[in-house]
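Enquirer: here is a sequence with its predicted model. Questions after.
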Amino acid sequence: MSQTTAAPAAAPRSAAADTALVAVFAALIAASAVAPAVPVGALGVPITVQTLIIAFTGMCLGPLRGFLATALYVALGLIGLPIFSSFRGGIGVLAGPSAGYIIAFPLFALLVGLVARWALARLTGWRLWLGMFAGAVVASVVCVHLLGALGMAVNGGLPLGAAFAADALYYPGDIVKNALAAALAVTVHRAFPQLLTRRVLRAR
């Protein structure tokens with residue numbers, strides 16, 4: 001008798017594992033707020049390492065889980081936990097000049113996660129790092145910097161042009177942080193190649 005082999009079947013990731021990863025990366029983002037913040041510009045919106053960790057989160061977890069991890073972090077901060085930069089917390093931060101950046105965090109993780117998923121499916125070697133890095137820079141510009149500047153204009157009372165000029169101070173640091181996040185994420189995906197892919201079970 002001939003024996004047929006069934007086609008490979010994709011097994012969904014464990015919901016428990018996904019939940020654990022979301023919680024762990026949310027805690028990692030919160031822990032990054034402990035690093036000293038450097039106030040910049042007239043409004044004193046600080047340079048932090050949080051955007052590095054958020055980019056890393058999106059690159060490692062992908063769009064949905066990266067968004068959920070970052071949104072969990074933001075939600076916990078808004079309900080009062082002192083996990084934003086300089087140990088701030090509470091809904092009052094949305095009345096400050098950094099509100100636009102905080103709102104942008106989950107969207108940034110989502111966009112970076114989409115880039116990472118695309119890059120992992122098509123690129124290898126140094127091109128994988130370059131693809132993640134370039135995508136994170138673009139996502140940062142169209143999301144974090146745009147909303148951040150608007151937040152400074154609305155809550156800081158700056159003219160729109162002045163707000164975008166103030167935001168430009170953060171570009172060099174963000175480029176460096178996105179490069180580091182991409183390098184770390186590539187290392188993680190080499191060690192855990194199924195982190196953003198579905199496991200395949202072959203019927204026997």
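Expert: The structure has been received and is ready for your questions. Residues are numbered from 1 along each chain as shown.
Enquirer: what segments of the protein are helices?
Expert: 15-32, 50-78, 99-122, 125-139, 146-156, 160-167, 171-191 (DSSP state H).
Enquirer: so can I have a markdown table of those helices showing mean pLDDT?
Expert: Listed next are those as a markdown table, based on pLDDT from 0 to 100:
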| stretch | mean pLDDT |
| --- | --- |
| helix 15-32 | 96 |
| helix 50-78 | 97 |
| helix 99-122 | 97 |
| helix 125-139 | 97 |
| helix 146-156 | 96 |
| helix 160-167 | 95 |
| helix 171-191 | 97 |
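Enquirer: quick one: closest of these to residue 44.
Expert: Among these, helix 146-156 comes nearest to residue 44, with 9.5 Å by C-beta to C-beta. (C-beta placed from N, C-alpha, C; glycine too.)
Enquirer: I would like the residues contacting that closest one, please.
Expert: 43, 45, 95-101, 103-104, 107, 158-160, 162-164, 166-167, 170 (C-beta atoms under 8 Å, 6 or more residues apart in numbering).
Enquirer: can you check stretch 122-140 too?
Expert: Contacts of stretch 122-140 (C-beta under 8 Å, 6+ apart): 51, 55, 58-59, 108, 111-112, 115-116, 118-120, 174-175, 178-179, 181-183, 185-186, 189.
Enquirer: could you pull out the buried residues of it?
Expert: 128-129, 131-133, 135-137, 139-140 (16 or more other C-beta atoms under 10 Å).
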